[in-house]
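**Student:** One predicted model, sequence on top.
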Amino acid sequence: MNQARFLTLTGAAMFLVQNVSLMLAPLLVELAAEFDVSVAAAGQLAAATFGAWAVSVISVGPISDSFGRRPVAVAGLTLLSISVLASAFAPTFGVLLGLRVMTGLSGGLIPPNSMAAVADVVAPAKRARAFGLLMAFAALSGVIGVPMVAVVASAGGWRVPFLVIGSLLLICAVLHWFWYPKSQRPEAGSFSFISRYKQMAGIGLFRTALAANFLQRVAFYGTFSYLAAFLISEHGFSVGATAAPLSIVGVGVVVGSFMAGSVVASKRRAQVVAGCAIAGGLASLVLFSFDITAWGAVGVALIGITFISVGWPTFLAISTEISGSSQATAVGMLGASNQLGGVGGAALGGAVLALGGFSAVGFLCLGVALVSAVVLQLGMGGRKSSE
């Protein structure tokens, strides 16, 4: 197997899949106008996607661990491409909502399977670097992908980004069929489902990581999902004009992911991640609640997204350390908390936006960040780095 080609292909899949999960952010205002709903209601498209994604991502781990990575990768990317392409032709809001559920169910198959596939073929000494590269590829969706969605939508309407991304996903699925490593045939009776979940659920450190990650993802998605709408509604940006701010803020995801590499090795990683979460929550509060210039708001959002992005890769590294032979299951369970955080960020963010305006979104993000810090201190604060 050509390992460099495999890692490039996997990185491309992660980039596209992450794009699919975040692409609604610059489209909310246009979708709301197209289907005659509020921006808060349009935000529920993201909530539906994340909810279905959570179901899928938590279910795929034992299947991938037991039967192999290649079938899951090809099937997931094929179904995902179909759902995204079909979304471009959605005639009503209800149809688009149903297609986003399908998008979530198929998209959730990819990240846990990809991480486990990398762990299968990359030597342990090089695994951390490979994970870092994959997360960097995924994070680039916020720097390049989402802003490009805004540009393409501005030029051709909201349906065109679905056509472009869906086509790229279909090409990626075909390449996975030819270039993805073939798994060895599983031994008879090797399938285990519930036992793998029980194994991971019995580890206290893993339970803490799940809870803290969920809360921090609520803060992340609450900030990112409504940033474009905030700039459009409060600062008069057009949909296309949000491309540059979204690209700038997306850099924070990349920087935060790289920062996590040092945090994982720290003896006080729980305290560091908790501090970063609080800093990110405070930045979200300032962003949505204080009267600052448009580009000042973008700078504050960049700071907030950078700090709040440290937790996810840190929790991922911790999970792979302690999961043994159930790596895909652990990554899947953590990914489910990630997507449930997306549901919380999009749904709760939309609810508080409707009730109290954008400032309420800022208070929501700070509140969940503070709770995550308490969870980390109680569950991980007294543990050594090696535990």
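**Tutor:** That came through fine.
**Student:** residues contacting the residue lying closest to residue 30 once chain neighbours are set aside?
**Tutor:** Among residues not flanking residue 30 along the chain, residue 158 sits closest, at 4.7 Å (Cβ to Cβ, 6 or more residues apart in numbering). From N, CA and C alone the C-beta is placed, and that goes for glycine too. Going by Cβ atoms under 8 Å, 6 or more residues apart in numbering, residue 158 touches 27, 30-31, 34.
**Student:** Now do the same for residue 158: its pLDDT.
**Tutor:** pLDDT for residue 158: 94.
**Student:** measure it to residue 40 for me?
**Tutor:** As judged by Cβ to Cβ, to the nearest Å, residue 158 and residue 40 stand 18 Å apart.
**Student:** Please name the nearest non-neighbouring residue to residue 209.
**Tutor:** Of all residues not flanking residue 209 in the chain, residue 315 sits nearest, at 4.3 Å (Cβ to Cβ, 6+ apart).
**Student:** Just checking, which helix or strand succeeds the helix or strand where residue 176 lies along the chain?
**Tutor:** Counting by DSSP states H and E, the element that carries residue 176 is helix 159-179. Counting by DSSP H and E, the element after helix 159-179 in chain order, helix or strand, is helix 194-201.
**Student:** helices and strands around that next one, which ones?
**Tutor:** Identification of packing neighbours for helix 194-201 by 3 or more Cβ pairs under 8 Å, 6 or more residues apart in numbering; DSSP states H and E yields helix 44-67, helix 327-343.
**Student:** model confidence over it, on average?
**Tutor:** What helix 194-201 shows for mean pLDDT is 84.
**Student:** Next, the buried residues of it.
**Tutor:** Residues 196-197, 199-200 are the ones in helix 194-201 that count as buried (16 or more other Cβ atoms under 10 Å).
**Student:** now swap in stretch 221-238 and tell me
**Tutor:** Neighbour-count burial for stretch 221-238, counted by 16+ other Cβ under 10 Å, picks out 221-232, 235, 237.
**Student:** Equivalent analysis for stretch 142-157, please.
**Tutor:** Residues 142-143, 145-154 are the ones in stretch 142-157 that count as buried (16+ other Cβ under 10 Å).
**Student:** what's the answer for stretch 202-221, then?
**Tutor:** The neighbour-count check on stretch 202-221 (16+ other Cβ under 10 Å) flags 205-206, 208-221 as buried.
**Student:** Out of those, which is nearest to residue 181?
**Tutor:** For those, the closest approach to residue 181 (Cβ to Cβ) belongs to residue 206, at 27.6 Å.
**Student:** Can you tell me the SS state at that closest one?
**Tutor:** Secondary structure assignment for residue 206 (DSSP: H, G, I helix; E, B strand; the rest coil): helix.
**Student:** Look up how far residue 326 lies from the nearest residue to it once chain neighbours are set aside.
**Tutor:** Excluding the flanking residues, the one nearest residue 206 by Cβ to Cβ, 6+ apart is residue 200, at 5.4 Å. Per Cβ to Cβ, residue 200 is found 6 Å from residue 326.
**Student:** Residue 62 now?
**Tutor:** Taken as Cβ to Cβ, the span from residue 62 to residue 326 is 8 Å.
**Student:** Could you identify the helix or strand that succeeds the lowest-mean-pLDDT helix or strand in the chain?
**Tutor:** Least confident element among the helices and strands of the chain, by mean pLDDT, DSSP states H and E: helix 124-140 (a mean of 72). Going down the chain from helix 124-140, the next helix or strand is helix 146-156, by DSSP H and E.
**Student:** low pLDDT regions in the stretch 51-200 of the chain?
**Tutor:** 124-129, 132, 183-193 (pLDDT under 70).
**Student:** okay, now residue 117: neighbour count?
**Tutor:** Counted with other Cβ atoms under 10 Å, residues neighbouring residue 117 total 24.
**Student:** How about the contacts made by it?
**Tutor:** By Cβ under 8 Å, 6+ apart, the residues touching residue 117 are 6, 10, 69, 73, 180-181.
**Student:** Neighbour count and distance to residue 138 added to the residues you listed, as a markdown table?
**Tutor:** Putting these into a markdown table (neighbours: other Cβ atoms under 10 Å; distance: Cβ to Cβ, whole Å) gives the following:
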| residue | neighbour count | distance to residue 138 |
| --- | --- | --- |
| 6 | 18 | 16 |
| 10 | 27 | 10 |
| 69 | 26 | 17 |
| 73 | 25 | 15 |
| 180 | 24 | 18 |
| 181 | 16 | 20 |
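**Student:** So which of those is the closest to residue 278?
**Tutor:** Closest to residue 278, out of all of the contacts of residue 117 and judged by Cβ to Cβ, is residue 10, at 33.5 Å.
**Student:** Do I have it right that that closest one meets residue 120?
**Tutor:** No: applying Cβ atoms under 8 Å as the test, residue 10 and residue 120 come out as separate, 11.3 Å apart.
**Student:** Which helix or strand contains the residue lying closest to residue 348 once chain neighbours are set aside?
**Tutor:** Excluding its sequence neighbours, the residue lying closest to residue 348 (Cβ to Cβ, 6+ apart) is residue 364, at 5.9 Å. Assigning secondary structure by DSSP H and E places residue 364 in helix 358-379.
**Student:** and the angle for that helix with helix 327-343?
**Tutor:** 150 degrees (axes from the mean of the first three to the mean of the last three Cα atoms, to 10 degrees).
**Student:** Packing partners of helix 358-379?
**Tutor:** helix 204-225, helix 227-235, helix 269-289, helix 349-356.
**Student:** and of these, who's closest to residue 172?
**Tutor:** Nearest to residue 172 among the helices and strands packed on helix 358-379 is helix 204-225 (23.9 Å), distances taken as Cβ to Cβ.
**Student:** which helices and strands does that closest one pack with?
**Tutor:** Counting contacts by 3+ Cβ pairs under 8 Å, 6+ apart, helix 204-225 packs against helix 44-67, helix 269-289, helix 294-308, helix 311-322, helix 327-343, helix 349-356, helix 358-379.
**Student:** With just CA atoms, put the first one into CSV.
**Tutor:** What it means is helix 44-67. Output in CSV follows, covering the C-alpha atoms of helix 44-67 (Å, rounded to 0.1, in the frame of the first residue of the first chain):
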residue,chain,number,x,y,z
GLN,A,44,-32.4,23.7,12.9
LEU,A,45,-31.1,22.2,9.7
ALA,A,46,-27.7,22.1,11.3
ALA,A,47,-29.3,20.7,14.5
ALA,A,48,-30.9,17.8,12.5
THR,A,49,-27.6,17.1,10.8
PHE,A,50,-25.7,16.9,14.0
GLY,A,51,-28.3,14.8,15.7
ALA,A,52,-28.3,12.2,12.9
TRP,A,53,-24.5,12.4,12.8
ALA,A,54,-24.3,11.6,16.5
VAL,A,55,-26.5,8.4,16.0
SER,A,56,-24.3,7.3,13.1
VAL,A,57,-20.9,8.1,14.6
ILE,A,58,-21.7,6.2,17.8
SER,A,59,-23.0,3.1,16.0
VAL,A,60,-20.2,2.7,13.4
GLY,A,61,-17.3,2.0,15.7
PRO,A,62,-18.0,-1.7,16.6
ILE,A,63,-18.9,-2.4,13.0
SER,A,64,-15.6,-1.0,11.7
ASP,A,65,-13.6,-2.7,14.5
SER,A,66,-15.2,-6.0,13.7
PHE,A,67,-15.6,-6.1,9.9
